[in-house]
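Engineer: one predicted model, sequence on top.
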Amino acid sequence: MCVLLNRKMSTPLHMQVRNILLDRITSQIYPVNEQIPSENDLSKEFGISRMTLRNVITELVWGGYLYRIQGKGTYVSEPKITARPTKHTGIHEQIEQMGYKVKIVPVGVELRPCTDFVKREMKLDGDEKVFSILRLRYVQGKPLSLDTSFIPKKFCPGMTLEDFGRADLGEILEKRCGLALHYAEETLEAISAGKEEAEYLSVQVGDPLLLLCDKIYDAENRLFEYSRVAFRGDNIRIKNQYPMEHPLNPELNIVLR
């Protein structure tokens with residue numbers, strides 16, 4: 001059956017088709033992880049060219065609503081989750097508040113001399129030691145991010161490797177070390193998965209990742225933690241919002257899919 005598009009509207013035909021397909025996705029007429037009709041069938045249904053239909057499908061793939069499997073077809077992606085700005089609430093807390101099951105698994109904890117990179121980023125002396133803490137974050141049973149944190153031993157002199165492997169890192173730093181976040185500097189960049197990220201996040205070497213780096217300071221302006229969180233590039237995107245009262249100061253939102 002052919003869906004009649006309104007050819008007299010100012011809205012272009014490809015946008016009308018996009019809106020119809022998006023409505024079918026969000027209303028679960030096309031269920032999550034199920035294959036949608038072929039480009040040939042959809043072009044006949046809407047009475048448009050396959051090229052136009054393909055461009056619409058590609059736009060929905062780029063938007064994260066659909067995904068392609070080579071040689072099989074196009075499928076519906078899992079729905080996205082929109083969170084509040086990370087400066088207000090941590091990622092873990094945001095996702096849990098939405099009803100999703102979040103699990104953080106300690107992967108490894110080391111006490112070692114700081115590398116040149118960490119020394120430069122945290123402005124440490126060359127002979128200082130840092131706790132290097134590696135954790136894997138799961139959402140709904142699937143790996144979402146690989147989190148690496150560096151904390152100078154001088155801020156937690158009585159702590160052991162076992163201490164950092166047993167409880168929530170933020171809780172440890174605040175309750176055991178007296179280190180509470182006062183403000184943070186945050187950067188975001190696109191990277192490619194290395195061997196370690198690929199292994200833990202169940203992706204291929206070279207796949208796209210988003211790397212979120214934080215330098216966390218306490219009320220005394222001490223940089224007590226440097227963290228690097230590598231997210232799977234196919235599971236997350238960043239949405240910036242520009243409040244009218246502060247148009248040049250964007251707020252950062254996380255959108256998962």
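Structural biologist: Great, that's in hand.
Engineer: the residue nearest to S49 when sequence neighbours are not counted: which element?
Structural biologist: Distance criterion C-beta to C-beta, 6 or more residues apart in numbering; nearest residue to S49, sequence neighbours excluded, is S43 at 6.4 Å. In this view, the C-beta of every residue, glycine as well, is placed from N, C-alpha and C. Applying DSSP states H and E as the criterion places S43 in helix 39-46.
Engineer: what is that helix packed up against?
Structural biologist: Counting contacts by 3 or more C-beta pairs under 8 Å, 6 or more residues apart in numbering; DSSP states H and E, helix 39-46 packs against helix 13-26, helix 50-62.
Engineer: using CSV, please lay out these together with mean neighbour count.
Structural biologist: CSV is the format used below for the helices and strands packed on helix 39-46 (neighbours: other C-beta atoms under 10 Å):
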stretch, mean neighbour count
helix 13-26, 17
helix 50-62, 16
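Engineer: need these in a markdown table (columns: mean pLDDT).
Structural biologist: Formatted as a markdown table, these follow (pLDDT from 0 to 100):
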| stretch | mean pLDDT |
| --- | --- |
| helix 13-26 | 87 |
| helix 50-62 | 89 |
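Engineer: would you list those helices in JSON lines and tack on distance to P37?
Structural biologist: Below are the helices and strands packed on helix 39-46 laid out as JSON lines (distance: least, C-beta to C-beta, whole Å):
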{"stretch": "helix 13-26", "distance to P37": "10"}
{"stretch": "helix 50-62", "distance to P37": "10"}
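Engineer: out of those helices, which gets nearest to G206?
Structural biologist: helix 50-62 (19.6 Å; C-beta to C-beta).
Engineer: can you list the strands that the helix or strand just after the closest one pairs with?
Structural biologist: Scanning forward in sequence from helix 50-62 by DSSP H and E, the next helix or strand is strand 66-69. Neighbouring strands of strand 66-69 in its sheet, by DSSP bridges, are strand 73-76 (antiparallel).
Engineer: buried ones in the strand it pairs with?
Structural biologist: T74, Y75, V76 (16 or more other C-beta atoms under 10 Å).
Engineer: and the pLDDT for the last one?
Structural biologist: This points to V76. Here, the pLDDT recorded for V76 equals 91.
Engineer: which residues sit in contact with it?
Structural biologist: Neighbour list for V76: I25, Y30, P31, V32, N33, E34, I36, Y65, L66 [criterion: C-beta atoms under 8 Å, 6 or more residues apart in numbering].
Engineer: what's near enough to touch V205?
Structural biologist: So V205 contacts S192, A193, G194, K195, A198 (C-beta under 8 Å, 6+ apart).
Engineer: go again with 10 Å.
Structural biologist: S192, A193, G194, K195, E196, E197, A198, E199 (C-beta atoms under 10 Å, 6 or more residues apart in numbering).
Engineer: separation between the closest residue to it other than its chain neighbours and G64?
Structural biologist: Leaving aside its sequence neighbours, V205 sits nearest to A198 (C-beta to C-beta, 6+ apart; 4.6 Å). Per C-beta to C-beta, to the nearest Å, A198 is found 21 Å from G64.
Engineer: what do you get for G194?
Structural biologist: G194 is 24 Å from G64, by C-beta to C-beta.
Engineer: distance of L53 from L134?
Structural biologist: 45 Å.
Engineer: returning to that earlier point: nearest to P157, out of the helices and strands packed on helix 39-46?
Structural biologist: Nearest of those to P157, taken as C-beta to C-beta: helix 50-62 at 49.9 Å.
Engineer: and the direction of the closest one versus that of helix 13-26, what angle?
Structural biologist: 50 degrees (axes from the mean of the first three to the mean of the last three C-alpha atoms, to 10 degrees).
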